[in-house]
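Peer 1: the amino acid sequence is not available; the structure is as follows:
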């Protein structure tokens with residue numbers, strides 16, 4: 001499919017895609033979870049933003065080799081299928097369709113509802129707006145990709161406005177000279193090693209989205225050269241922004257106070273600009289959330305649609321259908337229903353942790369894919385090779401494995417249950433694949449006989 005697409009995208013398009021996909025809700029809301037985990041201390045919180053950024057850049061450098069060597073539209077599902085076979089490729093798409101994308105849509109929508117409730121000082125508005133934003137954006141996506149694209153463009157511009165305002169005014173109106181930035185590292189009675197994995201899971205949510213740029217590799221003029229630059233350059237810029245804005249927050253409010261607010265960014269804005277200014281910033285954040293939900297509905301439905309096209313899931317006959325606007329309306333409907341069910345939990349941090357644990361297992365497979373491809377197919381054309389091989393791929397894999405193992409064994413019983421549940425739901429894809437793959441094989445044999 002990717003070979004038939006027009007190759008007209010350059011470095012700037014890929015770079016803006018990385019930055020646009022990555023900068024979203026995390027930078028506005030995750031400081032609460034971070035400083036709750038550190039016991040209200042800033043040091044390890046700031047360090048976690050740096051470590052997660054470095055791990056993401058290592059991952060980006062590694063995955064870029066796979067993206068450049070397999071320049072096909074479809075992203076991680078396609079990479080894993082090419083490297084490991086159709087079954088693991090299917091499991092990737094299954095995980096994305098039933099766990100990752102719905103959990104991300106639900107988490108962002110929950111926060112959207114909570115921010116509307118804050119804006120109007122009416123907690124009863126939270127759930128209706130949580131579900132309402134999902135349904136509204138589903139309808140918008142059904143109108144065609146052009147409508148979705150306009151929403152993405154407007155929201156991307158709008159989400160940069162509160163970021164810039166908070167950074168500038170945080171340093172100007174705050175007190176950088178006396179702000180506690182790196183000390184203490186953790187609060188009293190908190191073990192740094194006991195929380196570092198949970199911190200990474202929390203912060204990696206803010207960095208997620210970088211892998212999705214690989215989905216446009218088949219439409220890039222020079223993916224081998226431009227895709228790695230876009231991933232690394234974009235992520236470096238994002239990490240810089242995240243660190244700077246978190247320091248700006250701390251110049252206005254201490255970490256133990258930020259830990260008490262569902263929306264630390266709105267609290268900081270209110271301190272700087274007063275109640276009206278705080279609500280204006282919250283409005284900008286709402287537009288950002290709106291765009292993020294739209295982006296995940298857009299990409300998530302295409303992932304499910306691809307599985308439908310392969311006829312490997314229940315209801316494939318409908319899921320692979322397009323409406324009059326050439327959008328996968330049934331795939332959108334399925335993703336939306338699952339998202340609404342998840343959103344009823346009302347738990348932003350729980351949903352983001354679920355999404356991150358689910359997807360990082362497959363990120364690690366993608367990172368190892370670089371090593372496997374070099375061994376299995378040394379003659380493959382590689383327009384880009386990860387620098388300092390195999391050190392950087394090993395760093396990326398080790399970081400990812402640390403996060404996964406920590407969640408399973410060292411992050412407490414609740415996180416363990418959440419993680420095991422994620423694994424079970426993912427593995428349920430195996431009997432689904434085996435059943436529908438056998439149906440396809442039997443159908444093929446029947447046609448041969450005829």
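Peer 2: Received the coordinates, thanks. Bear in mind the structure is a predicted one, so any value in this text is a computation, not a measurement.
Peer 1: what about the residue lying closest to residue 369 once chain neighbours are set aside, neighbour count?
Peer 2: Spatial nearest neighbour of residue 369, excluding adjacent residues (CB to CB, 6 or more residues apart in numbering): residue 83 at 4.2 Å. Every C-beta, even on glycine, is put in place using the N, C-alpha and C of the backbone. By other CB atoms under 10 Å, 21 other residues sit near residue 83.
Peer 1: kindly report the same for residue 275.
Peer 2: Based on other CB under 10 Å, the number of other residues close to residue 275 is 9.
Peer 1: quick one: the helices in the stretch 151-300 of the chain?
Peer 2: 192-207, 223-252, 255-258, 264-309 (DSSP state H, counting those that start in this stretch).
Peer 1: mind putting those helices into TSV with mean pLDDT and distance to residue 149?
Peer 2: Output for the helices of the stretch 151-300 of the chain, formatted as TSV (pLDDT from 0 to 100; distance: least, CB to CB, whole Å):
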stretch	mean pLDDT	distance to residue 149
helix 192-207	90	24
helix 223-252	87	19
helix 255-258	94	35
helix 264-309	87	9
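Peer 1: now those helices as CSV including distance to residue 74?
Peer 2: Shown next, in CSV, are the helices of the stretch 151-300 of the chain (distance: least, CB to CB, whole Å):
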stretch, distance to residue 74
helix 192-207, 22
helix 223-252, 13
helix 255-258, 39
helix 264-309, 7
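Peer 1: right, and these - which one's nearest residue 75?
Peer 2: helix 264-309 (8.2 Å; CB to CB).
Peer 1: now do that closest one: distance to the chain's middle.
Peer 2: 13 Å (CA atoms, centre = their mean, to the nearest Å).
Peer 1: circling back: pretty sure the residue nearest to residue 369 contacts residue 372?
Peer 2: Yes. Residue 83 is in contact with residue 372 according to CB atoms under 8 Å; the separation is 5.9 Å.
Peer 1: quick check: neighbours shared by the two?
Peer 2: Counting by CB atoms under 8 Å, 6 or more residues apart in numbering, residue 83 and residue 372 have no contacts in common.
Peer 1: if we can go back for a sec, hang on, the residue nearest to residue 369 in a helix?
Peer 2: Yes. Assessed with DSSP: H, G, I helix; E, B strand; the rest coil, residue 83 lies in a helix.
Peer 1: how much space between it and residue 286?
Peer 2: Distance, residue 83 to residue 286, using CB to CB, to the nearest Å: 40 Å.
Peer 1: could you do residue 443 as well?
Peer 2: 48 Å.
Peer 1: point out where this structure drops to low pLDDT.
Peer 2: 1-9, 73, 145, 148, 212-220, 444-450 (pLDDT under 70).
Peer 1: can you pull up the most central residue in it?
Peer 2: residue 208 (3.4 Å; CA atoms, centre = their mean).
Peer 1: ok, it touching residue 357?
Peer 2: No. Counting by CB under 8 Å, residue 208 does not reach residue 357; the two are 11.8 Å apart.
Peer 1: any buried residues in stretch 85-101, and which?
Peer 2: 87-101 (16 or more other CB atoms under 10 Å).
Peer 1: of all the residues you listed, which comes closest to residue 247?
Peer 2: Of all the buried residues of stretch 85-101, residue 247 sits closest to residue 100, with 30.5 Å by CB to CB.
Peer 1: tell me who's in contact with that closest one.
Peer 2: 300, 355, 358, 359.
Peer 1: among the residues you listed, who's most crowded?
Peer 2: residue 355 (28 neighbours).
Peer 1: can you pull the contacts of the residue nearest to residue 369?
Peer 2: Counting by CB under 8 Å, 6+ apart, residue 83 touches 66, 369, 372, 373.
Peer 1: what's the ChimeraX line that selects buried ones from those?
Peer 2: Isolation of the buried members of the contacts of residue 83 (16+ other CB under 10 Å) is achieved in ChimeraX through the command below:
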select :66,369,373
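Peer 1: dump the contacts of residue 83 into CSV; add secondary structure and distance to residue 347 as well.
Peer 2: Putting the contacts of residue 83 into CSV (DSSP: H, G, I helix; E, B strand; the rest coil; distance: CB to CB, whole Å) gives the following:
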residue, secondary structure, distance to residue 347
66, helix, 33
369, helix, 33
372, helix, 37
373, helix, 38
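Peer 1: tell me which two in the contacts of residue 83 are the farthest apart.
Peer 2: The distance between the two most remote of these (CB to CB) is 9.9 Å, for 66 and 372.
Peer 1: quick check on the closest residue to residue 190 other than its chain neighbours: phi, psi?
Peer 2: In space, and not counting its chain neighbours, residue 190 is closest to residue 39: 4.0 Å by CB to CB, 6+ apart. Backbone geometry at residue 39, expressed as degrees, to the nearest 10, gives phi 70, psi 30.
Peer 1: just list the residues touching residue 39, thanks.
Peer 2: 186, 187, 188, 189, 190.
Peer 1: let me see the backbone angles for residue 179.
Peer 2: phi -70, psi 140.
Peer 1: would you say residue 367 is within a helix?
Peer 2: Yes. Assessed by three-state DSSP, residue 367 belongs to a helix.
Peer 1: might one say that it is in contact with residue 63?
Peer 2: Yes. At 6.8 Å, residue 367 and residue 63 qualify as touching, with contact defined as CB under 8 Å.
Peer 1: so what's in contact with those two at the same time?
Peer 2: By CB under 8 Å, 6+ apart, the residues touching both residue 367 and residue 63 are residue 396.
Peer 1: hmm, back to that, quick one, phi/psi of the residue nearest to the centre of the chain?
Peer 2: phi -70, psi 160.
Peer 1: quick one: it from residue 10, how far?
Peer 2: In terms of CB to CB, residue 208 sits 24 Å off from residue 10.
Peer 1: same thing with residue 178?
Peer 2: For residue 178, the distance to residue 10 - CB to CB - is 46 Å.
Peer 1: neighbour count winner among those two?
Peer 2: The residue with more neighbours, out of residue 178 and residue 10, is residue 10; 13 against 7, by other CB under 10 Å.
Peer 1: out of everything not next to it in sequence, what's closest to the more buried one?
Peer 2: Closest to residue 10 by CB to CB, 6+ apart is residue 221, at 5.6 Å.
Peer 1: do you know how far that neighbour is from residue 170?
Peer 2: Distance from residue 221 to residue 170, counting by CB to CB: 39 Å.
Peer 1: and these two? Which one has more around it.
Peer 2: Each of residue 221 and residue 170 has its neighbours counted (other CB under 10 Å); residue 170 has more, 26 against 14.
Peer 1: the more buried one against residue 258, yeah?
Peer 2: No. With contact defined as CB under 8 Å, residue 170 does not reach residue 258; the gap is 11.9 Å.
Peer 1: which neighbours do the two share?
Peer 2: Joint contacts of residue 170 and residue 258 (CB under 8 Å, 6+ apart) are 249, 268.
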